[in-house]
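**Student:** Here is a sequence together with a model predicted from it:
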Amino acid sequence: MTDREFVKVARAEEIPEGRGKTVELDGFRIAVWKVGERYVAIQDACPHMGASLAEGWLARDRIVCRWHNRSFDVNTGHGDARSGLCARVFAVRVEGGDVLVERPAEPPAQPHPHDDGWIVWDPDRHWKRRTPDADD
Ligand code: FES
């Protein structure tokens, strides 16, 4: 059993409904959004070319990047079918008006912290989806 450690990154009132805020956790930038009644956290650097996802916009349960309109599911980080990119998401809690984000067991690497083997860095300097498995 592993202990899950959550770290305060903001006060809830600092993150209005439907808006993103860039916070830092161990030097890693994370975009925290209020989506309806809950808060979600996703890596701030867009896996396409690094724009801030906190400065994008919300479309239902997807964050849309303001640079090239690629979108990422706030629950899974999965990108749209157009690019096959994936962003890392983090668990969030709210306690006493504080927004806390789970500290990853392994520190994320900058600038594109993917540790699940789902995507790979290609020579064109873009994250691309690994050869799809049958269940992808
Ligand atoms: S930098 Fe985000 S879609 Fe291109």
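**Tutor:** That came through fine.

**Student:** Low-confidence regions, the chain specifically.
**Tutor:** 1-2, 106-136 (pLDDT under 70).

**Student:** Give me the three-state assignment for the residue nearest the centre of it.
**Tutor:** In the chain, the centroid-proximal residue (CA atoms, centre = their mean) is Ile42; its distance is 1.6 Å. Here Ile42 is strand, with the state taken from DSSP: H, G, I helix; E, B strand; the rest coil.

**Student:** In which helix or strand does Leu58 reside?
**Tutor:** strand 57-59 (DSSP states H and E).

**Student:** so where's the longest strand in this protein?
**Tutor:** strand 28-35 (DSSP state E).

**Student:** Packing partners of that strand?
**Tutor:** strand 6-11, strand 20-25, strand 38-43, strand 98-102 (3 or more CB pairs under 8 Å, 6 or more residues apart in numbering; DSSP states H and E). (C-beta placed from N, C-alpha, C; glycine too.)

**Student:** Looking at those, spot the one closest to the ligand.
**Tutor:** Nearest to the ligand among the helices and strands packed on strand 28-35 is strand 38-43; the distance by CB to the nearest ligand atom comes to 11.3 Å.

**Student:** Buried residues, the closest one. List them.
**Tutor:** Tyr39, Val40, Ala41, Ile42, Gln43 (16 or more other CB atoms under 10 Å).

**Student:** which residues are in contact with it?
**Tutor:** 9, 12, 15, 28-33, 53, 63, 72, 74-75, 77, 87-92, 94, 99, 101, 108, 112-113 (CB atoms under 8 Å, 6 or more residues apart in numbering).
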